[in-house]
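>>> Quick one: sequence plus predicted model below, questions after.
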Amino acid sequence: MDKLNKIKEKVLERYFETDETDETEDITYDDYQVQHEEIDISSVEESEPVEKIVAPIIVEKIAPAIISKYTVIEGNVKAENDLEVYGQVTGDVQSTGSVYIENAVITGNIAANEVVIKNSKIQGNIYSVSKVDLQAGTELSGDIKSKEVFVNGTCIGNIVAEKVAYFLGKVYLKGDVQTASIRIDEGAVIDGAIKVI
């Protein structure tokens, strides 16, 4: 057990700074994301086998960029993190993270890792790496392309869902659907061709 404590001390000395002052700062995990990384302890002299140590790496969360309710933007919006839109945008919206749109009006294309739209009017195409969720009260005039597409609003345009397309009961779709798997709830209206590939 003494050898294991020595290894832990060496790992802490090597990978973590220690502060010798008495001033301490309270840090909560709610303010940070915790990732884990395996640490190579092969350089530590040891005659007996030792278990791997997994040390947490703390990465500060980045707050989403927010376009507030009465904000009007004429031009493209590009965010390097999550983006929330509650105002009006005339231009393309692009994010490396997720885009959440509620009670907004967007005239332009949207591209993000994940897109969730609620009670909004969108004129433009939507491209997402993982998922598009078009919730009730949303009107879209444009095409959607994503791995997963969930629709419960009005869409005038074509949908390409690489993995699954799910149409809930309040859907009105005027356009074609191409997907690997489809689910259509009772009450959904689809005016177009459906191709399962």
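That came in fine, so what should we check first? Treat the numbers as computed from the prediction; the structure is a model and nothing was measured.

>>> Straight-line length of stretch 145-157, end to end?
Terminal residues of stretch 145-157 are spaced 11 Å apart (C-alpha to C-alpha, to the nearest Å).

>>> Quick one: find the helix or strand in the protein with the lowest mean pLDDT.
When each helix and strand of the chain is scored by mean pLDDT, DSSP states H and E, strand 32-38 comes last, with a mean of 50.

>>> does the residue nearest the centre of the chain have beta-bridge partners, and which?
Closest residue to the average C-alpha location of the chain: residue 98 at 3.6 Å, with C-alpha atoms, centre = their mean. Counting by DSSP bridges, residue 98 forms beta bridges with residue 114.

>>> close enough to count as contact, it and residue 114?
Yes. Between residue 98 and residue 114 there is a contact under C-beta atoms under 8 Å: 4.2 Å. Any C-beta I mention is one placed from the backbone N, CA and C, and that applies to glycine too.

>>> Can you tell me how far residue 77 is from residue 165?
Residue 77 sits 27 Å away from residue 165 when distances are taken as C-beta to C-beta, to the nearest Å.

>>> Name the residue in these two with the higher neighbour count.
residue 165 (27 against 19; other C-beta atoms under 10 Å).

>>> measure the more buried one to residue 97 for me?
In this view, residue 165 and residue 97 are 23 Å apart by C-beta to C-beta.

>>> Residue 196 now?
From residue 196 to residue 97 the distance is 31 Å (C-beta to C-beta).

>>> Settle it for me: which of these two has more neighbours?
Higher neighbour count among residue 196 and residue 97: residue 97, with 16 against 10, using other C-beta under 10 Å.

>>> Now that one. Nearest residue, chain neighbours left out?
Excluding the flanking residues, the one nearest residue 97 by C-beta to C-beta, 6 or more residues apart in numbering is residue 82, at 3.9 Å.

>>> does the one you found really touch residue 99, like I thought?
Yes. Taking C-beta under 8 Å as the definition, residue 82 is a contact partner of residue 99 at 7.5 Å.

>>> who's more crowded, these two?
residue 99 (27 against 20).

>>> name the element the residue lying closest to the more buried one once chain neighbours are set aside belongs to?
Nearest residue to residue 99 in three dimensions, chain neighbours excluded: residue 112, at 4.1 Å (C-beta to C-beta, 6+ apart). Using DSSP states H and E, residue 112 maps to strand 110-118.

>>> Show me what counts as buried in that strand.
Within strand 110-118, the residues scored as buried using 16 or more other C-beta atoms under 10 Å are 110, 111, 112, 114, 115, 116, 117, 118.

>>> Tell me which helix or strand residue 3 sits in.
Per DSSP H and E, residue 3 falls inside helix 2-15.

>>> All good on my end, thank you.
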